[in-house]
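S.K.: Below: sequence and its predicted model.
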Amino acid sequence: MADTHVLFVEDDDVIREATQLALERDGFVVTAMPDGLAGLEAFRADRPDIALLDVMVPGLDGVSLCRRIRDESTVPVIMLSARADSIDVVLGLEAGADDYVTKPFDGAVLVARIRAVLRRFGHASGPDGSHAAASEAAEPAEAVLRFGDLEVDTEGMEVRKGGQPVALTPTEMRLLLEFSNSPGTVLSRDRLLERVWDYGWGGDTRVVDVHVQRLRGKIGQDRIETVRGFGYKLRG
């Protein structure tokens, strides 16, 4: 991933410089900014492949910056938080982040999470975060799957509800494809973390819960059912 461009927004000089050096040693091209407003300008100018945003940065906080980025692009976003606080985590994910990492973090862990996100998004598809690689999440036999008024085009990577297009981020698309490939089957949070987020290790299931809520808001609240104590399933 020598050509992967990372936007890193962090106000702590020591953390910013040390993390930038660590990422560059792993072959990433890094643009590091000390505040949210500078980060937004850099995002618009450079169109990076992935954004790492600290939650607590001046000018424009990381959550607000994530929202601004998500309004313009589906580029993957990882939030960085000094606390594993539920409010920080949920706010970041609800703003459109695809994952989060708690500080202090090990450099190798951060690189692994970045690479996992880029694999999910398909780095070769370009910095706009297109849906090209989302089909890896599932390989259904039919090109267009229908669930009531919901249509999932697994080849065109398009979703329509009542005939109207539904805009999904690549992570949301992968999540929906995973459900669509097994309609009526209860999928555990751990399975979804492994299949959609590419976690080869235990992860925070809040990532799944918030993304399911975001997906419900776009395709219908009753389309994905919660099975208490087990996980979620797509209603046919």
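M.R.: Yep, that arrived. Numbering: from 1, shown residues only.
S.K.: what number of residues lie near Leu215?
M.R.: 23 (other CB atoms under 10 Å). To be clear about C-beta, it is placed using only N, CA and C from the backbone, and glycine gets the same treatment.
S.K.: Revised request: answer the last question for Gln221.
M.R.: Neighbours of Gln221 (other CB under 10 Å): 8.
S.K.: Now do the same for it: helix, strand or coil?
M.R.: coil (DSSP: H, G, I helix; E, B strand; the rest coil).
S.K.: got it, and Val159?
M.R.: strand.
S.K.: give the contact list for it.
M.R.: Neighbouring residues of Val159 by CB atoms under 8 Å, 6 or more residues apart in numbering: 150-153, 165-166, 168, 173, 176, 219.
S.K.: any idea how far Glu94 is from the closest residue to it other than its chain neighbours?
M.R.: In this structure, Val159 finds its nearest non-sequential neighbour in Val166, 4.3 Å apart by CB to CB, 6 or more residues apart in numbering. According to CB to CB, to the nearest Å, Val166 and Glu94 sit 18 Å apart.
S.K.: Same check on Gly217?
M.R.: Taken as CB to CB, the span from Gly217 to Glu94 is 10 Å.
S.K.: buried residues in the worst-scoring helix or strand of the chain on mean pLDDT?
M.R.: When the helices and strands of the chain are scored by mean pLDDT, DSSP states H and E, helix 86-94 comes last with a mean of 84. Within helix 86-94, the residues scored as buried using 16 or more other CB atoms under 10 Å are 88-93.
S.K.: which residues sit in contact with the residue nearest the centre of the chain?
M.R.: Centroid-nearest residue in the chain: Asp98, 2.0 Å away (criterion: CA atoms, centre = their mean). Asp98 makes contact with 76-78, 117, 120, 169-171, according to CB under 8 Å, 6+ apart.
S.K.: Mind doing that once more with 6 Å?
M.R.: 76-77, 117, 171 (CB atoms under 6 Å, 6 or more residues apart in numbering).
S.K.: Distance check, Asp71 against Leu40.
M.R.: Counting by CB to CB - Asp71 and Leu40 are separated by 11 Å.
S.K.: With neighbour numbers in mind, choose between the two.
M.R.: More neighbours surround Leu40 than the other of Asp71 and Leu40, with 20 against 8 (other CB under 10 Å).
S.K.: Only alpha carbons, please: show the one helix or strand the more buried one maps to as PDB.
M.R.: Using DSSP states H and E, Leu40 maps to helix 36-46. The C-alpha trace of helix 36-46 is given here as PDB (Å, rounded to 0.1, in the frame of the first residue of the first chain):
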ATOM      1  CA  GLY A  36     -10.300  20.200  12.100                       C
ATOM      2  CA  LEU A  37     -10.500  23.200   9.800                       C
ATOM      3  CA  ALA A  38      -7.000  22.600   8.400                       C
ATOM      4  CA  GLY A  39      -8.000  18.900   8.100                       C
ATOM      5  CA  LEU A  40     -11.100  19.800   6.100                       C
ATOM      6  CA  GLU A  41      -9.100  21.900   3.700                       C
ATOM      7  CA  ALA A  42      -6.500  19.200   3.300                       C
ATOM      8  CA  PHE A  43      -9.200  16.600   2.600                       C
ATOM      9  CA  ARG A  44     -10.800  18.800  -0.100                       C
ATOM     10  CA  ALA A  45      -7.400  19.500  -1.700                       C
ATOM     11  CA  ASP A  46      -5.800  16.100  -1.500                       C
END
